[in-house]
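Peer 1: Take this sequence and fold it.
(2 chains, ligands or ions: 2)
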Amino acid sequence: MITIKDLHKSYKTGNNSLHVLKGINFNVAEGELVSIMGSSGSGKSTLLNILGMLDEADTGSYTLDGVAIKNLNEKIAARYRNKFLGFIFQSFNLINYKSALDNVALPLYYQGMKRSERMDRAEAYLEKVGLAQWMDHLPNQLSGGQKQRVAIARALASDPKVLLADEPTGALDTKTSYEVMDLIQQINDEGRTILIVTHEPDIAQMTKRIVNLKDGLIIDDTKVNQVRALQNV
Amino acid sequence: MFDLERWQEIFETISKNKLRTFLTGLSVASGIFILVILLGIGEGMKNGIEREFQGDAANAIFVYPGVTTKEYKGLNPGRRIQLKNDDFEYTSAENKSELEFKSAVFRIFGGMVTFENESGSYRVEGVYPDYQFLENSSMVSGRFLNNRDVEESTKIVVLGNRVKMDLFKDSNDVLGKYVEISGIKFKVVGVYTDPGGEREESRVFVPITTAQKVFSGGNDINSLSYTLKAKETYEEALAASNNFTSKLETYLKGKHTIAPSDNSAIYINNMLENTKRFYDLIGMIKMFFWGVGICTIIAGVVGVSNIMLIIVKERTREIGVRKALGAQPLSIIGMVLHESIFVTSFAGLTGLIMGLVLLDFVGPMIQTDFIYNPTVNFNVALSTVVILIVAGAVAGFFPAYRAARIKPIIALRDE
Ligand SMILES: Nc1ncnc2c1ncn2[C@@H]1O[C@H](COP(=O)(O)OP(=O)(O)O)[C@@H](O)[C@H]1O
Ligand SMILES: [Mg+2]
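Peer 2: Ligands and ions are numbered 1, 2, ... in the order given. A predicted model of the protein is given here:
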């Protein structure tokens, strides 16, 4: 599903250049649930943003679902993001003046789907994350866990190839974190490819594979015995 | 623009941000409101001045004597000039081929006009038959004075409509009745109306010869009036009347021994030139009002643009999220532009309508000579709408451009 080869990325700030990714090689097959771990500042988010086409690598190649991702302009990147990817953020990034339902329907709007169809789809996904009764609520009327569920429903709505989650439980307490992880595991069980950035070992243990990042390089990449989140709730 | 989905998006953002939208719209609404009012006043001034001019023939030339201010050929300044019958006779004969209408006027101010128990003080003017056309008067009933009246110095009078109302009230039995002017009986032969309004209808006309005899005027006259024959174009007419007035001036100054450079001894009021001057002035006033109005709108546009910039900045993160969800740069531009145009147009239309309504209600109540029926015509209203849409697009352009350029990764980091 994802193939990256010799990926380099550095940030230029003034005269200094900070080499963040120093040659990443890594593959993700369809249906995998991968966690990317590493200490703060190790480049996890940078990597995920490049995978998410929110940022571009300096050198190296990236193939997503057989499509070479290169020479992106904003227009193409937007189309690929809409078609291939779903994002889950630490801070949810829901649009605060839109209801849960409208938030979930937004990626479908950008797909050009008709309103009625879009609303039906969005409702179905909200149901899937257990928030059907909350669909008319605004984000600030929802708890953190509920917000993240809405965000997950939104990420799923466009039926993407890959879900990218940057510290999806970073803003949640342990119990809520596990509930969210349970949902993510269920989605993965249905065959969806998911990448999660986290620095919490217990969350990483709930994925199927841990990729460890240090100083811009992968130092460890191991399959794990998945801990089911439900057992810990 | 006709994308229904986009409209739904816009309405959603607007309805969820009512105060912000209201404040944005307010500046534009007031800008257009001010523009409409100014244009209305400009139009009103034009109408008012036009009406003033309708009082007399548009190409009339009036001559009044004054007082000399310069010493000339041994004569001291401060001498009052008195026009005489022969001034009229000579200038009329001399320019016979050019003149259309002509009349001398012998005027008595504050003549008491009495009918039975009613009486009032009015301007009494001794005139020639042509004076009706010089004044643009038309008959309500009866006739104007004619050549025979002048030749025979008959004691007949033509009443202004106002005078008739004052003296005869609602009675229509006016013709053939006798009124007294300063104690002397005159037979009423007609009642006239004048587009100059009440002021011009508060007069009575008698044959000039009668007036001079009865009110001991001798050969004195107070003013001269002429119109020239029509010309093909306005420019020709203006040239001819300027030529005529300068001839007239030279002749009268020579005859009455006035220094050629003395501008106070003879006043020549050339309506055609005045008309042109007034129209030029109105044109300038209108242009000024447009300028002020446009500046107000520009201020509004800058305001909207600023607010939209703030909105875009405020919504940076949202824009980042939208981009992450697959929004194309063009759709972000469209969103901002659309909102900007919609808000400006809607607010502007509100201001336009409020302005029009105000003009409609207050306009007819304005009671000055210089503003009359202030309205804004449909084309002007239409142009302001076009201006609004353009203004909205201009106001939205920079914010939209900025929004489209925001990199999603940076936008998402925005707090
Ligand atoms: N836009 C940027 N400009 C400059 N430096 C950046 C930028 N984004 C991230 N960095 C730096 O790159 C390093 C890696 O950042 P990041 O990928 O966010 O790490 P992580 O997510 O693992 O904590 C950090 O040192 C961070 O300060
Ligand atoms: Mg990070």
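Peer 1: Run a quick check on A:G60 versus A:D6, I expect a contact.
Peer 2: Yes. Counting by Cβ atoms under 8 Å, A:G60 touches A:D6, with 4.5 Å between them. Yep, even glycine has a C-beta here, placed from its N, CA and C like the rest.
Peer 1: what about those two, which has more around it?
Peer 2: Using other Cβ atoms under 10 Å in any protein chain shown as the criterion, A:G60 and A:D6 rank with A:G60 on top: 17 against 13.
Peer 1: tell me the centre residue of chain B?
Peer 2: Centroid-nearest residue in chain B: B:K46, 2.3 Å away (criterion: Cα atoms, centre = their mean).
Peer 1: With adjacent residues omitted, what lies nearest to that residue?
Peer 2: B:I282 (4.8 Å; Cβ to Cβ, 6 or more residues apart in numbering or on different chains).
Peer 1: Would you mind measuring from that neighbour to chain A?
Peer 2: 50 Å (Cβ to the nearest Cβ, to the nearest Å).
Peer 1: so what's that residue scoring on pLDDT?
Peer 2: With respect to pLDDT, B:I282 scores 76.
Peer 1: Does it lie in a helix or a strand, and which?
Peer 2: helix B:271-314 (DSSP states H and E).
Peer 1: Next, the angle from whichever helix or strand comes after that helix to helix B:271-314.
Peer 2: The helix or strand immediately downstream of helix B:271-314 is helix B:316-324, counting by DSSP H and E. Put simply, helix B:316-324 runs at 80 degrees to helix B:271-314, going by axes from the mean of the first three to the mean of the last three Cα atoms, to 10 degrees.
Peer 1: Under a three-state scheme, what state does the spatially most central residue of chain A occupy?
Peer 2: Geometric centre of chain A, nearest residue: A:L164, 1.7 Å, by Cα atoms, centre = their mean. The three-state assignment at A:L164 reads strand, by DSSP: H, G, I helix; E, B strand; the rest coil.
Peer 1: Name the nearest residue to it, sequence neighbours excluded.
Peer 2: A:L164's closest residue in space is A:G52 (Cβ to Cβ, 6+ apart), at 4.9 Å.
Peer 1: thought the one you found was touching B:K323?
Peer 2: No. Look at A:G52 against B:K323 with Cβ under 8 Å: they stay out of range, at 10.9 Å.
Peer 1: of those two, who's got more company?
Peer 2: More neighbours surround B:K323 than the other of A:G52 and B:K323, with 28 against 25 (other Cβ under 10 Å).
Peer 1: Mind giving me the packing neighbours of the helix holding B:I282?
Peer 2: helix B:18-54, strand B:60-65, helix B:234-255, helix B:329-362, helix B:378-405 (3 or more Cβ pairs under 8 Å, 6 or more residues apart in numbering or on different chains; DSSP states H and E).
Peer 1: Go again with 10 Å.
Peer 2: Where contact means 3 or more Cβ pairs under 10 Å, 6 or more residues apart in numbering or on different chains; DSSP states H and E, helix B:271-314 is packed against helix B:18-54, strand B:60-65, strand B:223-228, helix B:234-255, helix B:316-324, helix B:329-362, helix B:378-405.
Peer 1: list the contacts for the residue in the stretch 51-200 of chain B positioned nearest to chain A?
Peer 2: Closest contact between the stretch 51-200 of chain B and chain A, by Cβ to the nearest Cβ, is at B:R51 (55.5 Å). Neighbour list for B:R51: B:195-197, B:369-370, B:372-373 [criterion: Cβ atoms under 10 Å, 6 or more residues apart in numbering or on different chains].
Peer 1: quick one: average pLDDT of the helix ranked longest in chain A?
Peer 2: For chain A, the longest helix by residue count, based on DSSP state H, is helix A:174-189. Helix A:174-189 comes out with an average pLDDT of 94.
Peer 1: buried ones in it?
Peer 2: By neighbour count on 16 or more other Cβ atoms under 10 Å in any protein chain shown, the buried set for helix A:174-189 is A:176-185, A:187-188.
Peer 1: Could you export it as PDB, CA atoms only?
Peer 2: Extracted as PDB, the C-alpha positions of helix A:174-189 are listed here (Å, rounded to 0.1, in the frame of the first residue of the first chain):
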ATOM      1  CA  THR A 174      -6.500   6.600  29.500                       C
ATOM      2  CA  LYS A 175     -10.000   5.100  29.600                       C
ATOM      3  CA  THR A 176     -11.200   7.200  26.600                       C
ATOM      4  CA  SER A 177      -7.900   6.500  24.800                       C
ATOM      5  CA  TYR A 178      -8.600   2.800  25.000                       C
ATOM      6  CA  GLU A 179     -12.100   3.300  23.800                       C
ATOM      7  CA  VAL A 180     -10.800   5.200  20.800                       C
ATOM      8  CA  MET A 181      -8.200   2.500  20.200                       C
ATOM      9  CA  ASP A 182     -10.900  -0.100  20.300                       C
ATOM     10  CA  LEU A 183     -12.700   1.800  17.500                       C
ATOM     11  CA  ILE A 184      -9.500   2.000  15.500                       C
ATOM     12  CA  GLN A 185      -8.900  -1.700  16.000                       C
ATOM     13  CA  GLN A 186     -12.400  -2.500  14.800                       C
ATOM     14  CA  ILE A 187     -11.900  -0.300  11.700                       C
ATOM     15  CA  ASN A 188      -8.600  -2.100  11.100                       C
ATOM     16  CA  ASP A 189     -10.300  -5.500  11.500                       C
END
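Peer 1: In terms of secondary structure, what does it contact?
Peer 2: Packed next to helix A:174-189, using 3+ Cβ pairs under 10 Å, 6+ apart, are strand A:33-37, strand A:85-88, helix A:115-128, helix A:144-157, strand A:162-166, strand A:193-197, helix A:201-204, helix A:229-232.
Peer 1: partners of the second one in the sheet?
Peer 2: To tie it back to what came earlier, the one meant is strand A:85-88. strand A:162-166 (parallel) (DSSP bridges).
Peer 1: Is any residue of the strand it pairs with near ligand 1?
Peer 2: No. Using Cβ under 6 Å from any ligand atom, strand A:162-166 stays clear of ligand 1, coming no nearer than 7.4 Å.
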